[in-house]
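*Asks:* no sequence for this one, just the structure:
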């Protein structure tokens, strides 16, 4: 080993070079696989977030369109439509704030635990009030409005349309 021209030194150097080259190739391959995995996962997460956004905006647009059409066709039910409008705006505000600021986004993205479809439960109450105004002549909504007015101590009361 003390002789610099010894064949064993060249053999050790060649073996070391071969080991380092194979390690480098293994790390390059692992890096390429990791890059592909990150790109695929990023695509999945962005598709899921886009789907959530579409559910949220689509549900709001649908229910507000129903509210607009109801107010257009039932102009005499203005006071009774106040309750569904408050529920719609309240639901949209609360769910948007919970969705945007109250959610653990790291947990949501890691476990694909999105909230979007649960939003329809909130909007279901508003749609029920709209259906009451359209199909039931606002009888249930009128009772709810009158109960709220009684609690507040108002001297007026609403009448079904």
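*Replies:* Received, thanks. The shown structure was predicted, so the numbers you read here are calculated from the model rather than taken from an experiment.

*Asks:* tell me what the longest helix anywhere in the chain is packed against?
*Replies:* For the chain, the longest helix by residue count, based on DSSP state H, is helix 7-73. Helix 7-73 sits against helix 82-101, helix 119-135, with contacts defined as 3 or more Cβ pairs under 8 Å, 6 or more residues apart in numbering; DSSP states H and E. For glycine as for every other residue, the C-beta is placed from the backbone atoms N, C-alpha and C.

*Asks:* count of residues packed around residue 49?
*Replies:* Using other Cβ atoms under 10 Å, residue 49 has 15 neighbouring residues.

*Asks:* Quick check, pLDDT for it.
*Replies:* Predicted confidence (pLDDT) at residue 49: the value is 85.

*Asks:* so where's this structure uncertain?
*Replies:* Where the chain drops to pLDDT under 70, the residues are 1-2, 4, 95, 161.

*Asks:* roughly how far apart are the residue nearest to residue 129 when sequence neighbours are not counted and residue 68?
*Replies:* Using Cβ to Cβ, 6 or more residues apart in numbering and skipping residues adjacent in sequence, the residue nearest residue 129 is residue 84, 3.8 Å away. Note on residue 84: its distance to residue 68, by Cβ to Cβ, to the nearest Å, is 11 Å.

*Asks:* Looking at these two, which is more packed in?
*Replies:* Higher neighbour count among residue 84 and residue 68: residue 84, with 26 against 10, using other Cβ under 10 Å.

*Asks:* Now for residue 149, how many residues are close by?
*Replies:* 15.

*Asks:* Which strand or helix spans it?
*Replies:* Assigned by DSSP states H and E, residue 149 belongs to helix 139-152.

*Asks:* just checking, what packs against that helix?
*Replies:* Under the contact criterion of 3+ Cβ pairs under 8 Å, 6+ apart, helix 139-152 touches helix 82-101, helix 119-135.

*Asks:* outside of the helix or strand following the longest one, which residues touch it?
*Replies:* Note on helix 82-101: by DSSP H and E, the next helix or strand toward the C-terminus is helix 105-111. Outside of helix 105-111, the residues that reach it under the criterion Cβ atoms under 8 Å, 6 or more residues apart in numbering are 45, 113, 114, 115.

*Asks:* List the ones among those that fall in strands.
*Replies:* Of the contacts of helix 105-111, none are assigned to strands by DSSP state E.
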